[in-house]
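Peer 1: got a structure for you, letters missing:
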């Protein structure tokens with residue numbers, strides 16, 4: 001059980017992936033309905049736990065999308081849709 005990963009899953013907005021079958025990139029954002037404290041928590045966890053952050057993003061992706069990489073410094077997810 002990873003408490004950081006579980007908390008990140010509650011804070012990260014599910015990435016919007018177009019239906020087009022191709023590769024692409026998308027930025028990761030906090031959920032829109034978070035209050036100020038939770039949004040600040042999102043950014044603190046983003047900065048301190050990049051591996052857990054990438055793992056949480058990967059878990060949020062639909063099964064049809066393949067996680068390729070996550071650029072933590074630029075907050076960009078690279079994905080493929082076979």
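Peer 2: Yep, it's here. A quick note: this is a predicted structure, and the numbers were derived from the prediction, not measured.
Peer 1: Next one, pLDDT for residue 1 please.
Peer 2: At residue 1, the pLDDT value in this model is 72.
Peer 1: same question, residue 13
Peer 2: If you check residue 13, the pLDDT there is 95.
Peer 1: how much space between it and residue 68?
Peer 2: 19 Å (Cβ to Cβ, to the nearest Å). (Each C-beta comes from the backbone N, C-alpha and C, glycine too.)
Peer 1: Of those two, give the one with the bigger neighbour count.
Peer 2: Per other Cβ atoms under 10 Å, whichever of residue 13 and residue 68 has more neighbours is residue 13, with 15 against 12.
Peer 1: quick one: contacts for the more buried one?
Peer 2: 28-32 (Cβ atoms under 8 Å, 6 or more residues apart in numbering).
Peer 1: Go through the chain and flag its longest helix.
Peer 2: With secondary structure taken from DSSP state H, the chain has its longest helix at helix 36-48.
Peer 1: so where's the chain shaky on pLDDT?
Peer 2: The model of the chain has no residue with pLDDT under 70.
Peer 1: how about the strands in it?
Peer 2: 23-27, 66-71, 76-80 (DSSP state E).
Peer 1: on that earlier part again, which one of the contacts of residue 13 sits closest to residue 45?
Peer 2: residue 30 (9.9 Å; Cβ to Cβ).
Peer 1: center of the chain - which residue?
Peer 2: residue 57 (3.1 Å; Cα atoms, centre = their mean).
Peer 1: you'd agree it is up against residue 28?
Peer 2: Yes: using Cβ atoms under 8 Å, residue 57 is in contact with residue 28, at 5.7 Å.
Peer 1: any common contacting residues for those two?
Peer 2: Common neighbours of residue 57 and residue 28 (Cβ under 8 Å, 6+ apart) are 12, 15, 70, 77.
Peer 1: ok, the closest residue to the third one other than its chain neighbours to residue 66 distance?
Peer 2: So the one you mean is residue 70. Spatial nearest neighbour of residue 70, excluding adjacent residues (Cβ to Cβ, 6 or more residues apart in numbering): residue 54 at 4.1 Å. Separation of residue 54 from residue 66 (Cβ to Cβ) stands at 14 Å.
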